[in-house]
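Asks: show me the folded form of this:
(one chain, ligands or ions: 3)
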Amino acid sequence: MICKKCCKKAIIEYPYPMCDQHFRDYYLRTIQKTIEKYNMFNKEDKILVAVSGGKDSSALVYALYELGYEFEGLYINLEIPNYSEHSENAVKELFKLIDYRINIIRVSDYNIRVSPIYKRPICSVCGAIKRYLMNRFAYENGFTVLATAHNLVDEAAFFLMNMNSGQIQYLIKQEPVLPKENKFVKKVKPLYFITERENMVYSVINKLPVYYGECPNSSGNPQSKWKQILYKIESENPGFIRNFINSMLKLKKYINYPEKKGEIFCCKYCGYPTGSRSRICSFCRLQKYFNNSKKA
Ligand code: SF4
Ligand code: ZN
Ligand code: ZN
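Replies: Ligands and ions are numbered 1, 2, ... in the order given. Predicted coordinates:
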């Protein structure tokens, strides 16, 4: 297969055949266009990029670096055996390569553990911990924007999950940008229109230090099932996932979300916003649980 723009060998087929150089141009151009279209940030913003050591966030870091943005990284060590130590090493190598600052925090610093609690699955606990710590770190350190590496396939899988569970109120959060509100820092997803495969190819052609191993808990992640379904449809209909997201974004404009959002309270322990009437946010509830189980 030959690149559509030159006569070199193509390394990727979709959205059109591209050689490594033309793929790199396409990849960076798509990200820059997304940043500009959704007014995600500019060079004056103090940007924090959440990283995991995997291909998506490593590709995001390197792309923003190539596009000339200044930022710092945040790595949350989840202390998951046979996983976190490898991903932390990959993150450290990546930030050494670009010579940018990486901030590393550990869940045990907050007296917390990533483990299933009552009937709550481990990935749900892990997601709540990560969301809370990313926001808190960004807020307390004066960052104006928090960038995450959610990609096109993540977003499509979330759409399907929310449609399946009937929780369409969560669709409101499925935007490339969530504005700053209260103690929630502005959140942006520059890879919103980039596929996992494109992140992989970009990481490989740039020889990025990526940890390709999977979290040992990933088989229990409900998102994986929906991704497999999406890939099955994509294999028979190339371009489906991208078209699906574009259609969903158009469709979302016609949804009338309730004008009054649920009441927001201030957590009596940490002071961060919570929707819980008990005025204890889910992070502090987890902390309490682990403190009590230590005493028991
Ligand atoms: Fe956390 Fe689950 Fe992802 Fe592992 S697979 S990092 S436990 S969300
Ligand atoms: Zn080419
Ligand atoms: Zn709290």
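
Asks: mind listing what's buried in the lowest-mean-pLDDT helix or strand in the chain?
Replies: Lowest by mean pLDDT, DSSP states H and E among the helices and strands of the chain is helix 282-295, with a mean of 84. For helix 282-295, a neighbour-count test (16 or more other CB atoms under 10 Å) marks 282-287, 289-290 as buried. All C-beta spots, glycine's among them, are computed from the backbone N, C-alpha and C.

Asks: which strands or helices does the helix or strand encompassing K130 pack on?
Replies: Using DSSP states H and E, K130 sits within helix 122-140. On a contact count with 3 or more CB pairs under 8 Å, 6 or more residues apart in numbering; DSSP states H and E, helix 122-140 meets strand 47-51, strand 72-77, strand 102-106, strand 145-147, helix 282-295.

Asks: what's the closest of the ones you listed to ligand 3?
Replies: Closest approach to ligand 3 among those is made by helix 282-295 (3.3 Å; CB to the ion).

Asks: so who does the residue of the stretch 51-200 of the chain found nearest ligand 3 touch?
Replies: When scored by CB to the ion, the stretch 51-200 of the chain has Y132 as its residue closest to ligand 3, at 7.9 Å. Y132 makes contact with 272, 281-283 under the criterion CB atoms under 8 Å, 6 or more residues apart in numbering.

Asks: do I229 as well
Replies: For I229, the contact set (CB under 8 Å, 6+ apart) comprises L160.

Asks: quick one: it from ligand 2, how far?
Replies: Separation of I229 from ligand 2 (CB to the ion, to the nearest Å) stands at 33 Å.

Asks: before we move on, back to that, quick one, the helix holding K130 and strand 72-77 angle?
Replies: 140 degrees (axes from the mean of the first three to the mean of the last three CA atoms, to 10 degrees).

Asks: for this protein, what lies in contact range of ligand 3?
Replies: Listed as neighbours of ligand 3 in the chain under the rule CB under 5 Å from the ion: 267, 269-270, 281, 284.

Asks: excluding its backbone neighbours, what's nearest N206?
Replies: Leaving aside its sequence neighbours, N206 sits nearest to Y62 (CB to CB, 6 or more residues apart in numbering; 5.7 Å).

Asks: looking at this, the one you found is in a helix?
Replies: Yes: Y62: assigned to a helix according to DSSP: H, G, I helix; E, B strand; the rest coil.

Asks: do a quick rundown of the helices in the protein.
Replies: 20-37, 55-66, 84-98, 122-140, 152-165, 196-205, 222-236, 240-252, 282-295 (DSSP state H).

Asks: close to ligand 1, is the fifth one?
Replies: What it means is helix 152-165. No: using CB under 6 Å from any ligand atom, helix 152-165 stays clear of ligand 1, with a minimum separation of 11.3 Å.
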